[in-house]
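Colleague: Got a predicted structure here, sequence first:
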Protein chains: 2
Amino acid sequence: MEREPSDTTHSYCPVYDSIELLQEKWVLHIVRALLEGPHGFNELGRAVGGANTTTLSQRLDHLERLGLVDKTIESTMPPKTRYELTPAGRELQGIIDAIDAWARRNMSRCKKHEASGAAA
Amino acid sequence: MEREPSDTTHSYCPVYDSIELLQEKWVLHIVRALLEGPHGFNELGRAVGGANTTTLSQRLDHLERLGLVDKTIESTMPPKTRYELTPAGRELQGIIDAIDAWARRNMSRCKKHEASGAAA
DNA sequence: ATCAAGTACTCTATTTTGTCAAGCACTACA
DNA sequence: TGTAGTGCTTGACAAAATAGAGTACTTGAT
């Protein structure tokens, strides 16, 4: 009675897949930034808190392939690109809102708890 | 006009910190599993889809230090441990619900989009 | 009694993932 | 002219996650 990640009796859960996506490093930060409006590439990198270009383009590429982000090249040579959320991407607002709500209510307490050496 | 991750003018956002926490690999899966009820260690590992023990104990340790997870050793020698969410941890339900709602509405479309070679 | 499997972990080695630095090709401003 | 900005890509490298073995002990089957 073994279970593998690809186990078909346990999988196919879209929620599991979504979690897999959202826990990719920077993805949630990218979504949060993009919910505030379209961004350029470097601009976005700064907005999310300093993701490096390699990772950033990798993540954006993934989000684009999933149809959550739209990439528009406004001009090639002075390079100008615009990244923005598609309708499906904009629906992620609910998730960010939930995180926002939780964070404002619990995060400071968490850090306090951590600092007070709760692992004793 | 440089910006570093530790930039105090831009930081201190609890939301940013929460995202940092939630995007740690397996954390969302762990929370989702624990919302269904308490779990033992190996049991939890299987529930989240096969995280290895090293990573799992690391994550549980982190969540415990933040006061989101409670660890109870029920017996030392037949080893038996119980992991469960604290009240603050249980409040993460809202986030999982939001992910759940989004996933059911959009995830299948995403995968379709991806498969259809949208990166052409 | 002995074998197989389960509990909760930790340790080491290897693979996967993410990051850093540099560079291209060009514009804008001083 | 030089410095800084735009949007990326590539190759070398570091950090994180993984597999797999090992510890110590119990339960259930044979």
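Modeller: Arrived safely.
Colleague: How about the residues of chain A by DNA strand D?
Modeller: A:40-43, A:53-54, A:57, A:71, A:73, A:78-81 (C-beta under 7 Å from any atom of the strand). Heads up, the C-betas are built off the backbone N, CA and C, glycines and all.
Colleague: do that again at 10 Å, thanks
Modeller: In this structure, chain A approaches DNA strand D at residues A:4-5, A:23, A:25, A:38-46, A:52-58, A:60-61, A:71-83, judged by C-beta under 10 Å from any atom of the strand.
Colleague: Inside strands: which ones of those residues?
Modeller: Restricting those to those inside strands, with DSSP state E as the criterion, leaves A:71, A:72, A:73, A:74, A:75, A:80, A:81, A:82, A:83.
Colleague: and the last one, what is it in contact with?
Modeller: With C-beta atoms under 8 Å, 6 or more residues apart in numbering or on different chains as the criterion, the residues that contact residue A:83 are A:34, A:38, A:39, A:40, A:41, A:44, A:60, A:69, A:70, A:71, A:72.
Colleague: quick one: the second one and residue A:82 touch, right?
Modeller: Which is residue A:38. Yes. Residue A:38 sits in contact with residue A:82 when judged by C-beta atoms under 8 Å, with a separation of 4.9 Å.
Colleague: follow-up on the earlier one: in PyMOL, select just the buried ones from the residues of chain A next to DNA strand D.
Modeller: The command below creates a PyMOL selection of those among the residues of chain A next to DNA strand D that count as buried (16 or more other C-beta atoms under 10 Å in any protein chain shown):
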select buried, chain A and resi 23+39+41+44+45+46+56+60+81+83
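Colleague: so which of the residues of chain A next to DNA strand D are also by DNA strand C?
Modeller: On the criterion C-beta under 10 Å from any atom of the strand, A:23, A:25, A:42, A:45, A:52-58, A:75-80 are the entries of those that sit beside DNA strand C.
Colleague: Give me the subset of these lying in helices.
Modeller: If you go by DSSP state H, those have A:42, A:45, A:53, A:54, A:55, A:56, A:57, A:58 in helices.
Colleague: Residue B:14: which of those residues is nearest?
Modeller: For those, the closest approach to residue B:14 (C-beta to C-beta) belongs to residue A:45, at 22.2 Å.
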